[in-house]
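# Got a predicted structure here, sequence first:
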Amino acid sequence: MLGRLNHVAIAVPDLAAGTAVYRDTLGARVSQPQAEPAHGVTVVFVELPNTKVELLEPLGENSPIKAFLEKNPSGGIHHVCYEVEDILAARDRLVAAGARVLGDGQPKTGAHGKPVLFLHPKDFCGTLVELEQA
Ligand code: CO
């Protein structure tokens, strides 16, 4: 069911500082910051040859990564995103297996304009998992 690793998302308290780490220290190609008000984050995409890293900084008061950064003040891996061919089929299979899908269970449009769902970390080895229909 799982396809490629689409991205690893890292929450950071300071996007400019995180960008400098990836661009200047690690020598990666990074995008301009992109505000995603609907998702409560500003994102920088780090383009790697085989996948992406997304640096996420909270945007607005109700940012979904705010609590994570309170627990992890210097930042940390927030989620991993795997590609699936059919997100509704993937969801139905996981729900049938007893996994919890976050929110109302309906795919939302993610940062790349494609349908995404998030899965409960307690059902997936302690890691928040995003599925994206590729
Ligand atoms: Co993501």
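Here it is on my side, so go on.
# any idea how far residue 47 is from the ion?
Residue 47 sits 15 Å away from the ion, going by CB to the ion, to the nearest Å. Every residue, glycine included, has its C-beta placed from N, CA and C.
# Can you list phi and psi of that residue for me?
phi -90, psi 120 (degrees, to the nearest 10).
# Now for it: which residues touch it?
28, 29, 30, 31 (CB atoms under 8 Å, 6 or more residues apart in numbering).
# and of these, the nearest to the ion?
Using CB to the ion, residue 31 is the member of those that lies nearest the ion, at 14.2 Å.
# Identify the residue spatially nearest to the closest one, adjacent ones excluded.
With sequence-adjacent residues excluded and distances taken as CB to CB, 6 or more residues apart in numbering, residue 31 is closest to residue 45, at 4.2 Å.
# again, but for residue 63
residue 40 is the one closest to residue 63 (CB to CB, 6+ apart), at 3.7 Å.
# For that neighbour, list the residues it contacts.
58, 59, 60, 62, 63, 64, 65, 66.
# who wins for neighbours among those residues?
Tallying neighbours with other CB atoms under 10 Å puts residue 65 at the head of the contacts of residue 40, with 22 neighbours.
# Okay, now stretch 69-83: how far is its last residue from its first?
Stretch 69-83 has its terminal residues 26 Å apart, counting by CA to CA, to the nearest Å.
# brain fart, stretch 44-55
5 Å.
# Pull out the buried residues from it.
Using 16 or more other CB atoms under 10 Å as the test for burial, stretch 44-55 gives 44, 45, 46, 52, 53, 54, 55.
# out of the contacts of residue 47, who's near the ion?
With CB under 5 Å from the ion as the criterion, those include none near the ion.
# which of those residues count as buried?
Counted by 16+ other CB under 10 Å, the contacts of residue 47 give residue 30 as buried.
# Now, the contacts of residue 47 that are in strands?
Here DSSP state E is the test, and the contacts of residue 47 give 29, 30 as lying in strands.
# The contacts of residue 47 into JSON lines, with extra columns for pLDDT?
Formatted as JSON lines, the contacts of residue 47 follow (pLDDT from 0 to 100):
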{"residue": "28", "pLDDT": "98"}
{"residue": "29", "pLDDT": "98"}
{"residue": "30", "pLDDT": "98"}
{"residue": "31", "pLDDT": "97"}
